[in-house]
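**Q** structure for the following, please:
(chains A and B)
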Amino acid sequence: MTYQIQLFGPLADALRTRVVQLDLPPGTPASVAQLLQQLAWLHPAQQPMIRSARLAVNCTFAAPDQRLQPTDELALIGMVSGG
Amino acid sequence: MTPILHDGPLPPATPWDIPGAGAVICFEGIVRPSEDDHAIAALDYEVYEPMAQRELARLSTATCARFGLLDLLAEHSRGCVPAGACSFRLRIASQHRAEGLAAMAWFIDRLKQDVPIWKRPVIAHPAEVATP
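**A** Numbers count the residues shown, from 1 in each chain, chains lettered A, B, ... in the order given. You can find the predicted model right below:
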């Protein structure tokens, strides 16, 4: 199953893309934790940034055990700097 | 209470009359002329728009409920804001100053943790840096 994750700010700069695509084995929908683990494994140089970021699912921060649906809008939110 | 995102610098504050308010507090965040000891011309704000709107609205509601406020209005820039210009404004209306001042700090602390907005410095051209 293919997941697309939007990136912003320093994370987008570090991974040099605004959208990262992940392919996970079909079957049981992946959890947030599994998705982030796979992303960190694919990008070892950015592991600290990825591990400290939070996944937003449909514009809401998601719990690690939340199951993802194919239609979910995903965004990886690293350290923010507004205000 | 609906948060507002503006393109570029915030315009001057519009009149905001809240009946019953004994305290109306306004905080404005101004882009400083330097960032990490480097002169900058501006900050460029990137916003994950749908989530920023949702988080600002959620935070506004939560802050009003927690502190018993009469009203709250948050405004933030997207895009380029020159040094010296305003990129963030928070106005709070409360019956008394204590809860308004406490709410102001609480809101801003959480905005800086959770609202998906990122700033990127626009480095000043050497000719733009004022020399003493």
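
**Q** the residue positioned nearest the centre of chain B and residue A:59: what is the separation?
**A** Centroid check for chain B by Cα atoms, centre = their mean gives residue B:88 as the closest residue, at 2.3 Å. When distance is defined by Cβ to Cβ, to the nearest Å, residue B:88 is 21 Å away from residue A:59. C-beta coordinates here come from the backbone N, C-alpha and C atoms, glycine included.

**Q** packing partners of the helix or strand where residue B:113 lies?
**A** With secondary structure defined by DSSP states H and E, residue B:113 is part of helix B:97-114. Where contact means 3 or more Cβ pairs under 8 Å, 6 or more residues apart in numbering or on different chains; DSSP states H and E, helix B:97-114 is packed against strand B:23-30, helix B:49-67, strand B:71-82, strand B:86-94.

**Q** let's see that with 6 Å instead.
**A** With contacts defined as 3 or more Cβ pairs under 6 Å, 6 or more residues apart in numbering or on different chains; DSSP states H and E, helix B:97-114 has these neighbours: strand B:23-30, helix B:49-67, strand B:86-94.

**Q** what comes into contact with the longest one?
**A** Pointing back at helix B:49-67 there. Residues from elsewhere that reach helix B:49-67 (Cβ atoms under 6 Å, 6 or more residues apart in numbering or on different chains): A:56, A:59, B:1, B:3, B:72, B:74, B:99, B:103, B:107, B:110, B:114-117.

**Q** tabulate those residues (TSV), appending pLDDT, neighbour count and distance to residue B:42.
**A** Shown next, in TSV, are the contacts of helix B:49-67 (pLDDT from 0 to 100; neighbours: other Cβ atoms under 10 Å in any protein chain shown; distance: Cβ to Cβ, whole Å):
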residue	pLDDT	neighbour count	distance to residue B:42
A:56	98	24	27
A:59	97	16	28
B:1	78	13	29
B:3	94	20	22
B:72	97	25	27
B:74	97	25	21
B:99	97	17	35
B:103	98	21	30
B:107	98	25	25
B:110	97	16	26
B:114	97	19	24
B:115	98	25	20
B:116	98	26	20
B:117	98	28	15
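
**Q** ok, those residues vs residue B:9, which is closest?
**A** The shortest separation between residue B:9 and any of the contacts of helix B:49-67 is 14.9 Å, and it belongs to residue B:117 (by Cβ to Cβ).

**Q** could you find the closest non-adjacent residue to the closest one?
**A** The shortest distance from residue B:117 to any non-neighbouring residue, by Cβ to Cβ, 6 or more residues apart in numbering or on different chains, is to residue A:82 (2.9 Å).

**Q** check residue A:74 too.
**A** Nearest residue to residue A:74, sequence neighbours excluded (Cβ to Cβ, 6+ apart): residue A:5, at 4.5 Å.

**Q** also residue A:11?
**A** Residue nearest to residue A:11 in three dimensions, not counting chain neighbours: residue A:78, with 4.2 Å by Cβ to Cβ, 6+ apart.

**Q** I figured residue B:25 hits residue B:102, correct?
**A** No: with contacts counted by Cβ atoms under 6 Å, residue B:25 stays clear of residue B:102, the gap being 10.4 Å.
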